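> below are the sequence and a predicted model; questions follow.
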Amino acid sequence: MNPSGAVPADDFYAADTAILFTDRAAATFGTSNELLPLLGRSMLQRAVEALVRAGWRRVHVVLGDEPLPARLLLEDGARWGCNLVYHHGREQETMGALARRLHLAPDRSYLLADATRIPGDADSLLQDRAGGAPAGRAYVWHSDGAARWTGWGEFRGAWLLGVTELTQYTALERRVLDDAELEPRSADTAWSVATLAELLRTTRDMLAAHAATTGQTVTRGRGCRIHPSARLRGPVHLGQGVRIGANAVVG
């Protein structure tokens, strides 16, 4: 782990550099939603895994108000084969100011990622890095007839340096959706844990996708105890050590 956040200059200017924002989710059960286990892995872990699968090896992690849980989970990134460098987010900081603080190069492209949201087809989107508009591309999806930003996109350093909006998701979303210089790329959906409602929807969608892929409508972790009278209506995923009492209905 690199407590100081100092890295060699070559790392800042590398073509495989991503910027991952953490701690943007609401808190449920006393912890940030992006740290809650979804089929055994948190959204924060899934975000790092998606970046690594797509070839991003240097990740600048922008920490929020409660940085310790994210650092304890991710450590230095070695177990995923990437290099994580930590930065503390600053209140009311613009995207351009953050880009200057991270010494982003104007002629390089960088991936922006929000750990509370992941495009549903992230693997295919992230691995297709050819072409695109000069300013970059943003991954968007449609919900209830309206375009929404997934929180992910590949942007030129010059564009990021010129953004005067705050690093907050809502401010950046307006800029991304309205900027004609950016190429919109459609995602089939987006997993999100930004709110409790979106956490529940994402959990349901992940369970359904898991059941369709594996054929298992009910999965159980080690040490589960289920009363014979309980009813499980799949798709259901039970973590380790879960206890289901008499006459309970789950699913």
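That came in fine, so what should we check first? Numbers count the residues shown, from 1 in each chain.

> now do the helix ranked longest in the chain: everything it contacts.
Of all segments of type helix in the chain, defined using DSSP state H, the longest is helix 196-214. Identification of contacts with helix 196-214 by Cβ atoms under 8 Å, 6 or more residues apart in numbering yields 25-26, 28, 33, 36, 38-39, 43, 120, 189, 191-193, 216-217, 219, 234-237. Glycine gets a C-beta too; all of them are placed from N, C-alpha and C.

> any of the residues you listed buried? List them.
Among the contacts of helix 196-214, those buried by neighbour count (16 or more other Cβ atoms under 10 Å) are 25, 33, 36, 38, 43, 120, 189, 191-193, 217, 219, 235-237.

> closest to E91 among those residues?
A25 (17.8 Å; Cβ to Cβ).

> isn't that closest one up against W191?
No: in this structure A25 lies outside contact range of W191 using Cβ atoms under 8 Å: 12.0 Å.

> which ones among the contacts of helix 196-214 are found in helices?
Filtering the contacts of helix 196-214 for helices - DSSP H - leaves M43.

> what about the contacts of helix 196-214, which are in strands?
If you go by DSSP state E, the contacts of helix 196-214 have T28, L38, W191, S192, T219, V236, H237 in strands.

> could you identify the most distant pair in those?
S192 and T219 (22.5 Å).

> which residues of the stretch 101-250 of the chain score low on pLDDT?
129-132, 216 (pLDDT under 70).

> the helix or strand hosting L68: how far from the chain's middle?
For L68, the element it lies in under DSSP states H and E is helix 67-74. Relative to the centre of its chain, helix 67-74 is centred 15 Å away, using Cα atoms, centre = their mean, to the nearest Å.

> and if you look at stretch 58-72?
The chain centroid and the centroid of stretch 58-72 are separated by 12 Å under Cα atoms, centre = their mean.

> what residues sit buried inside that stretch?
R58, V59, H60, V61, V62, L63, G64, P67, P69, A70, R71.

> quick one: the second one from R137, how far?
Looking back up the chat, that one is V59. To R137, V59 is 19 Å away according to Cβ to Cβ, to the nearest Å.
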